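> predicted structure and sequence below. I'll ask about it afterward.
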Amino acid sequence: MGTWKRHIQELKKEFHVTEAAHMAALFQRTMVDGLAGKKTSLKMLPSFLSVPTGRETGKYLALDFGGTNIRVMQVELLGNGEISILGQRSSPLRHPQGLYDYSAAGSTATELFDFIADLIHDLVDPGDTYALGHTFSFPIQQTDANNAVLLCWTKEIRTQGVEGKNVTQILSSALERKGLTNVVPQAVINDTVGCLLTAAYQYPGADIGSICGTGHNTAYFESNGPMIINLEAGNYDLISGTGYDERLDCMSERPGTQKLEKMISGRYLGEIARLILHDLADKGLFREHAAVQRMLATAACIGAEDLACMLNDTSPDLSGIADLLRIKLHLAETLREERIAIKEIAHMLVIRSACLAAATYCGILQHIDPDLRRTHVIAVDGSLFEKMPGYAATIRIALEQGLGDKAGRVRTVLSKSGSGIGAAIAAAVVGKSGD
Ligand code: GLC
């Protein structure tokens, strides 16, 4: 057998999710422990919000802060499960040419939230009053629907002065500095909660909301509350990774945290691919192995969008991958068999990510409806689920394997922008419009 083939086979074995059923059962038990207040890696954070009726109406501002982009939308809820986006502004958190980076350790809470207030300022009319919902996609400990303290940054964000602080107060101060006293924060939510709120507004039976994007996390409706609970599933750690996962963790901003997220989410998938390819270059597998080693020495030089691009290349000689490697990594000379191997690695990482996410969904379903007596909708938002070739289909297949003949009772839907729109619904639920 060729050397490449042998290495790829070994990697595939290492990255294969073998015990999905066991993982689902353990995940479910950990949820129960977390709900009982035991110290577990699932934070089980209360949202102080229930699901909407679908009859909520009115115009709201929705602020979506997820760690990559900041988006402000003016959303109208039409009261029959219909939603209309009237206007929006968005901006990346990091300037593409490096003029600013509000996610870096050198930036402060004031700078970040003044930037957010500027975006809001551009969208609102000074003569109108606005109720604002805020999607803040990080672990937040809430005391009510409109007050939340950031427990810790995730997704490698390092902005100073936000951890341990009430994010609604920080936002309100920034709005005040900008003279935006006509914008009134009403609710603050996690993005998974937003995703679930939007789906529940549109589809009866939606009770799980999840993000498979830059980060990974899930929320569900807990009937013993009753309220939506944010699991902070990305921090789940009763799972064993490969040596590459361990290396990635050691090199990350916060080693030992967000173990599942580091195996699933888009922020890290490209980085695992880089570590694997670098290792294979160290073993001398690439013809130009020294050049590959040099090019892959820089952290984060491969992103999830590159993996998507590789998987989209179905040309016989993988010329798309050749172009990507030439343009992005300056690797002019790659062999076809090397490109085939690279594509297989991308595929293997994407499959593992989707299978792990699906195993956690099975665990949540076991908790809320062990015999699947009812129908369920799992609403997912995020770039992996929306854009990564084969991702949504693999989640579906894994759910069918995990749930058996009752899998038909569980639908998975893309909730595009649901995480941000959900902030408007949260503001409406808090204001009790349409009840
Ligand atoms: C990270 C955050 C979590 C968020 C997820 C998806 O896991 O900790 O709060 O929901 O990313 O954006």
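Yep, it's here. The structure displayed is predicted, hence computed values, not measured ones.

> can you show me the CA trace of stretch 272-280 as CSV?
C-alpha atoms of stretch 272-280 as CSV (Å, rounded to 0.1, in the frame of the first residue of the first chain):
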residue,chain,number,x,y,z
ILE,A,272,-6.3,20.8,13.2
ALA,A,273,-5.8,20.3,9.5
ARG,A,274,-2.7,22.5,9.6
LEU,A,275,-1.2,20.4,12.5
ILE,A,276,-1.9,17.2,10.7
LEU,A,277,-0.4,18.3,7.4
HIS,A,278,2.6,19.8,9.2
ASP,A,279,3.2,16.5,10.9
LEU,A,280,3.0,14.6,7.6
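
> just checking, residue 85 touches residue 418?
No. In this structure, residue 85 is not within contact of residue 418 by CB atoms under 8 Å, at 11.9 Å. (C-beta placed from N, C-alpha, C; glycine too.)

> and those two? which has more neighbours close in?
Set residue 85 next to residue 418 and count neighbours by other CB atoms under 10 Å: residue 418 wins out with 30 against 14.

> thought residue 195 was touching the more buried one, still the case?
Yes. Taking CB under 8 Å as the definition, residue 418 is a contact partner of residue 195 at 4.3 Å.

> which residues do those two both contact?
Residues touching both residue 418 and residue 195 by CB atoms under 8 Å, 6 or more residues apart in numbering: 209, 379, 381.

> quick one: which of these sit in strands?
Judged by DSSP state E, these include 209, 379, 381 as members of strands.

> show me what contacts the closest residue in space to the second one that isn't next to it in sequence?
Same thing as residue 379. Leaving aside its sequence neighbours, residue 379 sits nearest to residue 199 (CB to CB, 6 or more residues apart in numbering; 3.2 Å). If a contact means CB under 8 Å, 6+ apart, then residue 199 has 206, 209, 377, 379, 413, 415, 418 as its contacts.

> the last one: what's it in contact with?
Spelled out, it's residue 418. Residue 418 touches 194-195, 197-199, 209, 379, 381, counting by CB under 8 Å, 6+ apart.

> pick out the most distant pair among those residues.
Across these, the longest distance by CB to CB is 11.4 Å; it joins 197 and 381.

> before we move on, which element is the closest residue to the ligand within the stretch 251-400 of the chain in?
Closest contact between the stretch 251-400 of the chain and the ligand, by CB to the nearest ligand atom, is at residue 261 (4.9 Å). When elements are assigned from DSSP states H and E, residue 261 belongs to helix 259-264.

> sorry, back to before: which of residue 197 and residue 381 has more neighbours?
Between residue 197 and residue 381, residue 197 has the larger neighbour count (other CB under 10 Å), namely 37 against 29.

> in space, what's closest to the more buried one - neighbours in sequence excluded?
Closest to residue 197 by CB to CB, 6+ apart is residue 422, at 3.9 Å.

> quick one: the helices in the stretch 251-400 of the chain?
Secondary structure of the stretch 251-400 of the chain (DSSP state H, counting those that start in this stretch): helices located at 259-264, 266-282, 289-295, 304-312, 319-329, 336-368, 383-387, 391-403.
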